[in-house]
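Q: below are the sequence and a predicted model for it; my questions follow.
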Protein chains: 4
Amino acid sequence: MFISGRDYRESLKRYRPRVYVNGDLVGSVADEPRLGAGVNAVALTYDYALREELTPLMRGGSAGSVNRMLAVPSTSEDLLNKLEAVRLVCQETGCAQPYLGGDAFAAIRSATAQMDADLATDYRARFEAYAESAWAEDLAIGIAMTDGKGDRSERPHAQANPDVYLHIAARRTDGIVLRGVKAIVTGAPYMHELLVMPCRNMPEADRDFAVCCAVPIDARGMTIVSRPAGRSGEAAARFSGRYGQATAVVVFEDVFVPWDRVFLAGEWQHSGAFTYNYATHHRHTCIAARAGFGDLLIGAGALMTEANGIDLDRAGNLQESMVELIKIVEGFFACGVAASTYCHVDGAGVAVPDPVFANVGKLLLATQIYDMHRLAHHVSGGLVVALPGPDEDHNPATYGKLSELLAARSDIPYDRRIEVARFIEDLTASNQAGWYSLISLHGGGSPEAMKMEIWRNYPLGSKVDLVERLLERGVLADGRRAITRNRQPGRCCAEGCMVPLPEAAPLTLKK
Amino acid sequence: MFISGRDYRESLKRYRPRVYVNGDLVGSVADEPRLGAGVNAVALTYDYALREELTPLMRGGSAGSVNRMLAVPSTSEDLLNKLEAVRLVCQETGCAQPYLGGDAFAAIRSATAQMDADLATDYRARFEAYAESAWAEDLAIGIAMTDGKGDRSERPHAQANPDVYLHIAARRTDGIVLRGVKAIVTGAPYMHELLVMPCRNMPEADRDFAVCCAVPIDARGMTIVSRPAGRSGEAAARFSGRYGQATAVVVFEDVFVPWDRVFLAGEWQHSGAFTYNYATHHRHTCIAARAGFGDLLIGAGALMTEANGIDLDRAGNLQESMVELIKIVEGFFACGVAASTYCHVDGAGVAVPDPVFANVGKLLLATQIYDMHRLAHHVSGGLVVALPGPDEDHNPATYGKLSELLAARSDIPYDRRIEVARFIEDLTASNQAGWYSLISLHGGGSPEAMKMEIWRNYPLGSKVDLVERLLERGVLADGRRAITRNRQPGRCCAEGCMVPLPEAAPLTLKK
Amino acid sequence: MFISGRDYRESLKRYRPRVYVNGDLVGSVADEPRLGAGVNAVALTYDYALREELTPLMRGGSAGSVNRMLAVPSTSEDLLNKLEAVRLVCQETGCAQPYLGGDAFAAIRSATAQMDADLATDYRARFEAYAESAWAEDLAIGIAMTDGKGDRSERPHAQANPDVYLHIAARRTDGIVLRGVKAIVTGAPYMHELLVMPCRNMPEADRDFAVCCAVPIDARGMTIVSRPAGRSGEAAARFSGRYGQATAVVVFEDVFVPWDRVFLAGEWQHSGAFTYNYATHHRHTCIAARAGFGDLLIGAGALMTEANGIDLDRAGNLQESMVELIKIVEGFFACGVAASTYCHVDGAGVAVPDPVFANVGKLLLATQIYDMHRLAHHVSGGLVVALPGPDEDHNPATYGKLSELLAARSDIPYDRRIEVARFIEDLTASNQAGWYSLISLHGGGSPEAMKMEIWRNYPLGSKVDLVERLLERGVLADGRRAITRNRQPGRCCAEGCMVPLPEAAPLTLKK
Amino acid sequence: MFISGRDYRESLKRYRPRVYVNGDLVGSVADEPRLGAGVNAVALTYDYALREELTPLMRGGSAGSVNRMLAVPSTSEDLLNKLEAVRLVCQETGCAQPYLGGDAFAAIRSATAQMDADLATDYRARFEAYAESAWAEDLAIGIAMTDGKGDRSERPHAQANPDVYLHIAARRTDGIVLRGVKAIVTGAPYMHELLVMPCRNMPEADRDFAVCCAVPIDARGMTIVSRPAGRSGEAAARFSGRYGQATAVVVFEDVFVPWDRVFLAGEWQHSGAFTYNYATHHRHTCIAARAGFGDLLIGAGALMTEANGIDLDRAGNLQESMVELIKIVEGFFACGVAASTYCHVDGAGVAVPDPVFANVGKLLLATQIYDMHRLAHHVSGGLVVALPGPDEDHNPATYGKLSELLAARSDIPYDRRIEVARFIEDLTASNQAGWYSLISLHGGGSPEAMKMEIWRNYPLGSKVDLVERLLERGVLADGRRAITRNRQPGRCCAEGCMVPLPEAAPLTLKK
């Protein structure tokens, strides 16, 4: 089913979540001005799926019956279309949010299938039933993954206060009881449900912390402490006054979850699979999201130069910065494309992006978001933070004079020039800009997490084999092979030329 | 004379400037909450000059009788001490502001001396008299340099509306009349006077735009349209709620300036000397100012990791980022030191920082401020933008639970951890952080201006000579020398080894 | 037809090119030691096409009947396979060379088809006949594109000596006569034929310089002045002693070319199409070639650390450098993949890589090759340039002692450790290493050329539209749209969501 | 005493070292062609000290009686002059080598003074006597510091073969006996003496490895296995055919050293002081050395563009690269200047460069040498590695034609253009270029060593204090102070403003 943005807004009124924003209890999420920008961003993902011309991008799943944001990719094409779709909605809204649900669905399908195979459980069937109902209702689903973490030098079970990590406080015949806290939950107040996910690999001692399940947003015992979404209501916020994201801390005080909504409950050996599968999918979509943000900077930077009276075709140094900005954005987007093209379809039928490309792309955007700000600032000029604020627009004592004196080109009125400047300021020099930077750097895992995944997944052994072969012998005296890890054949692999390339990866290469 | 910060606040009440902040007319600058953070920052520069132990740094001029912020350096040591002094006040306040006055005083002394020599004018005496009185009253002096600029493809005199550049509208027997606009005037509302400076080299057609003079802040006909200073009054603004900077547009509608306050009035050939001399001094001090800002990031980043329960001596990747941050800050500060050590003392007795080193340092900070933010974010972690805001601190329904669940180390209470996080957020992820970035990039000239100065001043010809000599002949068939520009002997110069190094530069090298 | 490497060596003996290497006239190219490394590299591309398991990669064209190096891609899959094939042969040989022929074939097919359509010529049929015969004989074809260029401030026809650019000196009924010089011709001595290509867009005055044709390597009047291939015969050259590339200057002194080998002869308006089409294909393949070189550095760097007795899993800073190296290599390779996935098939049936992605990838490798050297040096350690050279290995007075004292791990003998060190030194610190750097930076066009193509092809207008739409009105007072260039709909395009995405691009997205 | 370069060459004949170059025993070092470039470079440092006009730079010590290369700095001015002197001789020779002796002398003076104070030994007097005689004879002294190191996971005493580290094999009444190996000894064959230095801090178990002493180059039992110096004798080596550096492995087989030449012999607690003091001085001088190399690239790059017919004042993108190159070179040189200006004079009267600035500068050059190559390549163009080699110059069949066709500007003959190209190729794309890169990266310690020193020396605690003060309380609940390490007052230090700045550092600041 596809509901509209209006339907989505209405649907929020059917829930009664306990939400605080800046210390105030929120009566109706749909009507709370400080959450409006977030609701707007989610609503757009619903409306776009109803647009005829966007159908190939915005609808996925079998028979195109599911909003792309929540669909599980099963082919390389699905991943490419998901990438395009996320870029599209994020270039409209900065960050559209509900695609995290799709990332989690893909991860849970793969992880439960493996768990069933290893432990003879029936988690996958439970998850599929849940997913079908979510798709049927076209839900917006948030992800509660990052725990509070407490003292970082201790593991979950060893914390002085165990509630700093979310865990199973009790097991009942009809379900489990959750206690603890999740932090940095994107868009929490205006989601229909939250998917609780484990945030790391768990050893046996931490088995109670290995939990994945779905919780309605107004589950009893759950409290959402949220920041406002974007800069709702700020006059100077030309973009993030309309579209934004709320980030919340979610406190669980004995929240009950029935078994049919539980997809991991103590099987600690499989905890990492949930975490890492999600990470791979989510880093892939992060690439698209930040490319959409990059599109806003590219367009706004070009527009600002025009409003300043500069011709980019002639201003070599500003053109150079524009090209640098494009290079960064399309450079990391290319990693998302390559991760899609070189995906593999796992045993559960999920198309998993290539982890090396996905992590390289996320790593590039995480660090280069700062360069993107720098380049946007460079082309825009220093006036961006020096022009009078919007309150001055209504000051009869100054407005007339300012609009004469601060105009640039005769065909671009002052009020239009200043509007572009405020748009840039909002995107790159406001607290919202800071949020985009920090979320790009740390969201979906910090740079170290990406580097670890690249290291873990790279076929290093194959490259070593290549060199040992070219040297005509190994380096070890006893004939053992050097650096035995990751000697998988396949893509870009020296050993690959000795044996047939595997059928499965990359699927699209052979005719 | 040295007045105190309290004296300074009182003194502001003796002026009646026409100031608007966010559309509101300000009754008393000293009492306006939205300007408080700026007044605080300036006040600190007064108080520090009264501290006994800071005397060597904070006092300059002959006999140490002038606040270092407004003193004209006459030796290499003066420049080094100015660098230290500016770093000191900026690490307390983010950006202390009044040192721009000293940069301008140095530039005007040099430029008027040269002008008098060339044109037999008496500008220098006028300026020295003015400076003496400013020192006697211990004034805070702002700089009005950047014009509105209008259509950037046209020169000042060719603009449709000539008022987009400040200019001499009339010459009277007793003085000149100014009309036009200056933008990006730092700290304008709470200065005692503004120094009007030309912002570029002027050809003859732009002679009316070649003007330098001093104007009291409440001169008749002058209107100051200002943004608030910092984030005065915002609870989350742990730093910039207390210290900040106002940036203003200043409109001149027939402002009269008597001759004894005029230091350039149409001598277009000398306009560039005012601009470039100021730029060299100001880029030198910018280096110190941003190093002070860097100190805040270094300290806050280290404190945040401790509050997160991380030991930097063991966390290799975070230590690496700390070292990178230190490398950036001390790397560009070193350029300020080198520019001081290799200064030259000009004909007017002014110690002028080496322009290559000064511009390299400013160029490094202008682009690396973004990396500084990235590194501070990296060591601080993602919670910085996800923790509840200050309004939540007073919510009895959530505070107790949050303070339990979001604490890290047992010996660091939640409210102290969150305070550090808000300090970092304020400095690196707020609108104030955006201001620091943009001002670092474009303030004192955009990167292109620095590159042009490096190119203009570098002894390229000497390096070419070196290579031609090593090749044992020139490249040109007719025996001319290649690339004749900038073949000055001296520092690091191949030709330097053929002839005695000049006595004058660098002064400190010979015993 | 597919010939073997041995066949290729034999075939060279059927040609009598006039080749000089280091001042000596070469009697037999196939037997010249100084060209041996180049011949080896080309031979490998023949042998690999005969390997059963590599068939999908190494054979292209319709029915897989053509060596991938010389095939014209007609689908996205063809481009992906070409990318893999070039990476494969270059990771064995450093740079395999004959793929330039395929790049040119693709460009000429597209350009002649367009020329025929515009000018009613019959060039395409001529080219296809020529290509069929080249494929039938499985030729190795070099590209003669870069002219001598003379005085860079003058266009070709205005040069004092017109021969600094290759041009048509005479037109005869049976063909054309060429005179002039081409520089930087890769692998020239050991190719079967050279394809002459124009190196820039030509205005009418330069019409005689607009020429494309095929010339056998031993055409009368053609002289090849070549550098040795790699470091043939140098004992220390563990890699480039075996595989390398010759770079030659080719002088044309009245070389006659019959009409059936001429594909452009004065149609100056189409000159640019030859150049730019070739550039797009060639930048795409350069990406693969340098990724293969990167594989060598990755493998050798890891092997060197092992030979030094270091465990990369524990040495955080070296592991970090390895990940950085992987990030660079896979980061630019991803751009090649994305350029393939987002290709478009033009009117002549040629699959053309997306120019933005292809140019971003080439630009990334051009500048980052230096970082790749740095990282390989970092992980390898300083001994690489300090260990005794190979002549010392045969010194009975020192060898025994050195092999005891300079061993690292007990299970890795000195002679094997030193061999890896020499391999790294050869790849990263020899004159061959310098060649790889400079060719990466300038080959296929300097960085400026890539930046210009990115700028020319990027849909900037669409991003501006996006922002104007979000601002709810344009910036221009008269309702015109800002920045009208490149408003093409399609990929990543705001306007794209208003209209159906075009059928053609990207082909692979829709099921 | 000051000897001339000719005297130095003669003096070499008075020694009979056992030297192998590429497997051959060298009869006379002074006459060995493969070492000629190294001898030339050292000779220049002697000749320059005899030039009247260079006296202030090239002579140091008390009364200017010592060659600056071997003098111990005692003031800030000494350090600045040493910096200039090293830059000067290295811009002539690439790397002049004997300044390592001066770095060691400074380190040994400080370390022996401290040792005498702690242990009541008389090492300093011994060293001063030795130094006086070295100065009297104007010796060239090399440094043997880096051991073979063997298995890097084990400490010296735990190695299977203890000889992989140099150590005291026996103690006699008249002296000590050395056994083992030192690697990467710069310029070893053509020095008069070698100073043996410890390469790390030693725990008690490694006491026999804690040794510092002076050994004549022809000491019995010492074998020097050297690489050739530069590219002596290669026609294409326009620079490094004349000036270069030999790197050697030195094997010690029971070498006897009398007590009056021993400055550390088992006092393991002081081993680190020798190492770290040397490192600080040497990183300071490395900065100057590589700045001299940078001058060669700057001059040659500019000359190449001129020879290519390009006007840098108009070619924006090449000018940009030139400025970037200057920015890098002067940026790290500035750190050397700042380290000199902020030196401290220790108890032994040695002026020690500030370790933070010295290490930042060395770290910058270590990684940016690669960027310097990239920029030099960018401005020079791709022909640098594609022009015919020098053997082709004598080929009558091709020379005439090539010199016509490959000329650029009419006033720059081909043979002069090609000479500049070969100069650039030699410096940036030859095996010598690789040597410069690797030595810059790893010489004087790898990047990790610099980062560790920055971390160890930075007053981090003071910056934390600053922030705690601004927050108005500490973060620790119990009132302890956070991050207590390195809370030294002084430069750039928050606490510094509370107490008088120390008298000692920086000396030059106060009048």
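A: Yep, that arrived. Numbers count the residues shown, from 1 in each chain, chains lettered A, B, ... in the order given.

Q: enumerate every residue touching the residue nearest the centre of chain A.
A: When CA atoms, centre = their mean is applied to chain A, the residue found nearest the centroid is residue A:286 (4.2 Å). Shown in contact with residue A:286 (CB atoms under 8 Å, 6 or more residues apart in numbering or on different chains): A:362, A:365, A:440, A:443, A:444. For the C-beta atoms, the positions are set from N, CA and C on the backbone; glycine is no exception.

Q: what of residue A:30?
A: A:9, A:10, A:12, A:13, A:39, A:190.

Q: would you mind listing the two of those residues that lie farthest apart?
A: Spatial extent of those (CB to CB) is set by the pair A:10 and A:190 at 12.5 Å.

Q: from chain D, how far off is residue A:23?
A: Separation of residue A:23 from chain D (CB to the nearest CB, to the nearest Å): 22 Å.

Q: all strands of the stretch 51-200 of chain A, in order?
A: In the stretch 51-200 of chain A, the strands defined using DSSP state E, counting those that start in this stretch lie at A:59-60, A:66-67, A:141-144, A:167-172, A:175-186, A:193-196.

Q: out of these, nearest to chain B?
A: Nearest of these to chain B, taken as CB to the nearest CB: strand A:175-186 at 4.1 Å.

Q: check whichever residue of chain A sits closest to chain D and give its pLDDT.
A: The nearest approach of chain A to chain D comes at residue A:316, 4.8 Å away (CB to the nearest CB). Listed pLDDT for residue A:316 reads 90.

Q: that one: neighbour count?
A: 13 (other CB atoms under 10 Å in any protein chain shown).

Q: again, but for residue A:120
A: 7.

Q: over to residue A:155?
A: So residue A:155, with other CB under 10 Å, has 14 neighbours.

Q: who's in contact with it?
A: Counting by CB under 8 Å, 6+ apart, the residues that residue A:155 touches are A:203, A:205, A:206.

Q: so how far is whichever strand or helix holds the residue nearest to the centre of chain A off the chain centroid?
A: In this structure, residue A:286 is located in helix A:271-307 according to DSSP states H and E. Distance of helix A:271-307 from its chain centroid, counting by CA atoms, centre = their mean, to the nearest Å, is 8 Å.

Q: the following helix or strand past it packs against which elements?
A: As assigned by DSSP H and E, the chain's next helix or strand after helix A:271-307 is helix A:316-341. In terms of contacts (3 or more CB pairs under 8 Å, 6 or more residues apart in numbering or on different chains; DSSP states H and E), helix A:316-341 is packed against helix A:76-93, helix A:271-307, helix A:355-380, helix C:316-341, helix C:355-380, helix C:447-457, helix D:316-341.

Q: dump the ones you listed into JSON lines; add distance to residue B:170 as well.
A: Listed next are these as JSON lines, based on distance: least, CB to CB, whole Å:
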{"stretch": "helix A:76-93", "distance to residue B:170": "53"}
{"stretch": "helix A:271-307", "distance to residue B:170": "33"}
{"stretch": "helix A:355-380", "distance to residue B:170": "36"}
{"stretch": "helix C:316-341", "distance to residue B:170": "61"}
{"stretch": "helix C:355-380", "distance to residue B:170": "55"}
{"stretch": "helix C:447-457", "distance to residue B:170": "48"}
{"stretch": "helix D:316-341", "distance to residue B:170": "41"}
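
Q: among those helices, which is nearest residue C:167?
A: Ranking the helices and strands packed on helix A:316-341 by proximity to residue C:167 (CB to CB) places helix C:447-457 first, at 22.0 Å.

Q: tally of neighbours for the closest residue to residue A:280 other than its chain neighbours?
A: Using CB to CB, 6 or more residues apart in numbering or on different chains and skipping the chain neighbours, the partner closest in space to residue A:280 is residue A:355 (5.1 Å). Other residues near residue A:355 come to 24 when the count uses other CB under 10 Å.

Q: now do the helix holding residue A:286, average pLDDT.
A: If you average the pLDDT over helix A:271-307, you get 97.

Q: excluding chain neighbours, give the residue nearest to residue A:337 in space.
A: Distances taken as CB to CB, 6+ apart put residue C:338 closest to residue A:337, at 3.8 Å, once the chain neighbours are dropped.

Q: what's around that neighbour, how many residues?
A: So residue C:338, with other CB under 10 Å, has 30 neighbours.

Q: also residue A:152?
A: 14.

Q: quick one: it from chain C, how far?
A: Taking CB to the nearest CB, one finds residue A:152 at 18 Å from chain C.

Q: likewise for residue A:256?
A: 42 Å.

Q: could I have the CA atoms of the helix or strand hosting that residue written out in CSV?
A: Per DSSP H and E: residue A:256 is located in strand A:247-258. C-alpha atoms of strand A:247-258 as CSV (Å, rounded to 0.1, in the frame of the first residue of the first chain):
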residue,chain,number,x,y,z
THR,A,247,17.6,13.3,17.2
ALA,A,248,16.4,11.7,20.3
VAL,A,249,17.4,9.7,23.4
VAL,A,250,14.9,6.9,24.0
VAL,A,251,14.5,5.6,27.6
PHE,A,252,13.1,2.1,28.1
GLU,A,253,11.6,1.4,31.5
ASP,A,254,10.3,-2.1,31.4
VAL,A,255,8.9,-2.1,27.9
PHE,A,256,7.2,-5.3,27.0
VAL,A,257,7.6,-6.8,23.5
PRO,A,258,5.6,-9.9,22.4
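
Q: and after it, which helix or strand comes next?
A: Downstream of strand A:247-258, the first helix or strand assigned by DSSP H and E is strand A:262-265.

Q: tell me which strands that following strand pairs with, and in which orientation.
A: Next to strand A:262-265 in the sheet, as set by DSSP bridges, lie strand A:211-216 (antiparallel).

Q: between the partner strand and strand A:175-186, how many degrees?
A: 80 degrees (axes from the mean of the first three to the mean of the last three CA atoms, to 10 degrees).

Q: and the contacts of residue A:155, which of them are in strands?
A: Nothing among these maps onto strands, per DSSP state E.

Q: neighbour-wise, which one of the residues you listed leads?
A: Neighbour counts for those peak at residue A:206, which has 20 neighbours (criterion: other CB under 10 Å).

Q: does that one touch residue A:267 like I think?
A: No - between residue A:206 and residue A:267 there is no contact under CB atoms under 8 Å: 11.8 Å.

Q: show me the contacts for residue A:300.
A: Contacts of residue A:300 (CB under 8 Å, 6+ apart): A:376, A:380, A:420, A:423, A:424, A:427, C:467.

Q: among those residues, name the ones in helices.
A: A:376, A:380, A:420, A:423, A:424, A:427, C:467 (DSSP state H).

Q: which member of the residues you listed is positioned nearest residue D:17?
A: Distances from residue D:17 to the ones in helices among the contacts of residue A:300, taken by CB to CB, are shortest for residue A:376, at 62.3 Å.

Q: pull up the residues of the stretch 201-350 of chain A that are close to chain C.
A: Within the stretch 201-350 of chain A, the positions near chain C by CB under 8 Å from any CB of the partner chain are A:238-239, A:291, A:295-296, A:298-300, A:302-303, A:306-307, A:312, A:319-320, A:322-323, A:326-327, A:330-331, A:333-335, A:337-342.

Q: can we see that at 6 Å?
A: A:295, A:298-300, A:302-303, A:306-307, A:323, A:326-327, A:330-331, A:334-335, A:337-338, A:341 (CB under 6 Å from any CB of the partner chain).

Q: what residues does chain A put near chain D?
A: So far as CB under 6 Å from any CB goes, chain A lies against chain D at residue A:316.

Q: let me have the contacts of residue A:286 in CSV, adding pLDDT and neighbour count as columns.
A: Below are the contacts of residue A:286 laid out as CSV (pLDDT from 0 to 100; neighbours: other CB atoms under 10 Å in any protein chain shown):
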residue, pLDDT, neighbour count
A:362, 98, 32
A:365, 98, 28
A:440, 96, 25
A:443, 92, 26
A:444, 88, 29
